[in-house]
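Participant: using only what follows, build the 3D model:
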Amino acid sequence: MLADGDPRLQTISDAIRVIPHFPKPGIMFQDITTLLLRPKAFRNAVDLFVDRYKDMNISVVAGIEARGFIFGPSIALALGAKFVPLRKPKKLPGEVISEEYVLEYGNDCLEMHVGAVQPGERVLVIDDLVATGGTLGAAIRLLERVGAEVVECACVIGLPEPKGQGSLNGKPLYILVEPHL
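Facilitator: Numbers count the residues shown, from 1 in each chain. I've put the predicted structure just below:
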């Protein structure tokens, strides 16, 4: 579901820079670093997520490496929830569980500390962008394996119809803005 009608969305959209042909030809990279340089736009993004989730009893915000780490902690603090990082392999120092997934250009893996999320906890998964849904799908599977209830996935930027929305295992997807093409 695409966020709609809020005037804050325009400040967010206007703050995102597009870098053509990065990291390879044909890719229109949606660069959120320019959003972070504009405190009003950054605050608007965080506030829109907090407004949406403040009454949903979210106990965990799980942020996907790396840009989910930018938005996730602020949202978690505002909601009174804990923040759990979902990291690439060999980045977490303790005992981990992992979930592999397929990307357009190969395979990857997400890891989470054992015991970071408890059975029955209500989780919001956050990232900056969704394209195919593969990474979000892996995050959902990882969290559900430990008995968590994934309430929703949320991204700042999303394709109008993500190719892999089926990989979200029926979980809702909330998107603030569509990409600049």
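
Participant: relative to residue 138, how far out is residue 20?
Facilitator: From residue 20 across to residue 138, the span is 28 Å (Cβ to Cβ, to the nearest Å). All C-beta spots, glycine's among them, are computed from the backbone N, C-alpha and C.

Participant: these two: which is more packed in?
Facilitator: When residue 20 and residue 138 are compared for neighbours, residue 138 comes out ahead with 22 against 10, by other Cβ atoms under 10 Å.

Participant: correct me, but that one touches residue 100?
Facilitator: Yes - judged on Cβ atoms under 8 Å, residue 138 makes contact with residue 100 at a distance of 7.2 Å.

Participant: what touches both of these two?
Facilitator: Each of 108-109 lies in contact with both residue 138 and residue 100 under the rule Cβ atoms under 8 Å, 6 or more residues apart in numbering.

Participant: which residue ranges form the helices in this structure?
Facilitator: 8-15, 33-36, 39-53, 68-79, 134-145 (DSSP state H).

Participant: between these, which one is closest to residue 152.
Facilitator: Of all the helices of the chain, helix 39-53 sits nearest to residue 152, with 7.7 Å by Cβ to Cβ.

Participant: any idea which residue of the chain is furthest from its center?
Facilitator: residue 25 (24.8 Å; Cα atoms, centre = their mean).

Participant: on the pLDDT front, check that residue for me.
Facilitator: Looking at residue 25, its pLDDT is 91.

Participant: for it, grab phi and psi.
Facilitator: Dihedral pair for residue 25: phi -50, psi 140, per degrees, to the nearest 10.

Participant: for it, what are its contacts?
Facilitator: Going by Cβ under 8 Å, 6+ apart, residue 25 touches no other residue.

Participant: which residues of this structure score low on pLDDT?
Facilitator: Judged by pLDDT under 70, the chain has its weakly predicted residues at 160-166.

Participant: now the strands for it?
Facilitator: Assigned by DSSP state E, the strands in the chain fall at 17-20, 28-31, 60-64, 82-86, 96-103, 106-113, 122-130, 149-158, 173-177.

Participant: as TSV, these with distance to residue 8 would be great.
Facilitator: Listed next are the strands of the chain as TSV, based on distance: least, Cβ to Cβ, whole Å:
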stretch	distance to residue 8
strand 17-20	18
strand 28-31	18
strand 60-64	20
strand 82-86	23
strand 96-103	31
strand 106-113	30
strand 122-130	17
strand 149-158	12
strand 173-177	9
